[in-house]
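>>> structural data only, the sequence is not supplied:
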Ligand SMILES: [Cu+2]
């Protein structure tokens, strides 16, 4: 009595277990996607855990300025090289990596392209050299204002940075 049914049960239970495990795996994976800021879409944000930023600042400019410059020091505390590819900001329509150089005795600037940060090394943005060219400002920035940037790296990771609008580079903190 009931024997034919019993014979089929183990397979049914195994299938049910498999289905539950699959659902749990998916749930666990989705819980691990913890964005730093409220998600704007379904995009997965992976934070860069190797790079540390110091002295991020935006050079103060007259109210009508159409281009500003941003500077910072990036330190790679990791064991593998990192590649910084771009930056974006809600305050500017476009942000490019530029480098100031002397061509035929005239100071000029050019797009700099990707910048690698060696393991244990630094990448320094500073006046007269590498800088973030900040174009299409969406509002007037005053000294002391904060500008949020999102930095993008070649491995797909990102990092958010707050730069302070300042007339000159902030004092270097020793550590
Ligand atoms: Cu520039």
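Arrived safely. Since the model is a prediction, treat every value here as computed from it, not as a measurement.

>>> who in the chain is up against the ion?
Within reach of the ion by C-beta under 5 Å from the ion, the chain has these residues: 98, 109, 133. Where you see a C-beta, it was placed from the backbone N, CA and C, and this is true even at glycine.

>>> surely residue 123 is within a helix?
No: applying DSSP: H, G, I helix; E, B strand; the rest coil, one finds residue 123 to be strand, outside a helix.

>>> wait, what's in contact with it?
Contacts for residue 123 (C-beta atoms under 8 Å, 6 or more residues apart in numbering) come out as 73-74, 76, 84, 115-117, 130.

>>> now do residue 71
Applying C-beta under 8 Å, 6+ apart to residue 71 gives the contacts 55-59, 125-127, 131-132, 169.

>>> filter those residues down to the buried ones.
Burial by neighbour count, judged by 16 or more other C-beta atoms under 10 Å, picks out 55-59, 125, 131-132 from those.

>>> among the residues of the chain next to the ion, which has the minimum pLDDT value?
Confidence by pLDDT is poorest for residue 109 among these, given 93.

>>> host element of it?
Assigned by DSSP states H and E, residue 109 belongs to strand 106-111.

>>> how about the helix or strand following that strand: buried residues?
Next along the chain after strand 106-111, taking DSSP H and E as the criterion, comes strand 115-117. For strand 115-117, the neighbour count (16+ other C-beta under 10 Å) marks residue 117 as buried.

>>> can you give the strand pairings for strand 115-117, parallel or anti for each?
Strand pairing for strand 115-117, using DSSP bridges, gives strand 82-89 (antiparallel).

>>> tell me the pLDDT at the nearest residue to residue 71 once chain neighbours are set aside?
Closest residue to residue 71 apart from its sequence neighbours, by C-beta to C-beta, 6 or more residues apart in numbering: residue 125 at 4.3 Å. What the model reports as pLDDT for residue 125 is 96.

>>> over to the one 10 residues further on?
Reading off the confidence values, residue 135 has pLDDT 97.

>>> dig out what it forms beta bridges with.
Beta-bridge pairing of residue 135 under DSSP bridges involves residue 67, residue 94.

>>> any idea how far residue 149 is from it?
14 Å (C-beta to C-beta, to the nearest Å).

>>> who has more neighbours, these two?
Taking neighbours as other C-beta atoms under 10 Å, residue 135 and residue 149 compare with residue 149 leading, 24 against 13.

>>> beta partners of the more buried one?
As for beta bridges, residue 149 partners with residue 89, residue 161 under DSSP bridges.

>>> check contacts around it.
By C-beta under 8 Å, 6+ apart, the contact set of residue 149 is 56, 70, 87-89, 95, 132, 160-163.

>>> sorry, back to before: of the contacts of residue 123, closest to the ion?
Closest approach to the ion among the contacts of residue 123 (C-beta to the ion): residue 130, at 9.5 Å.
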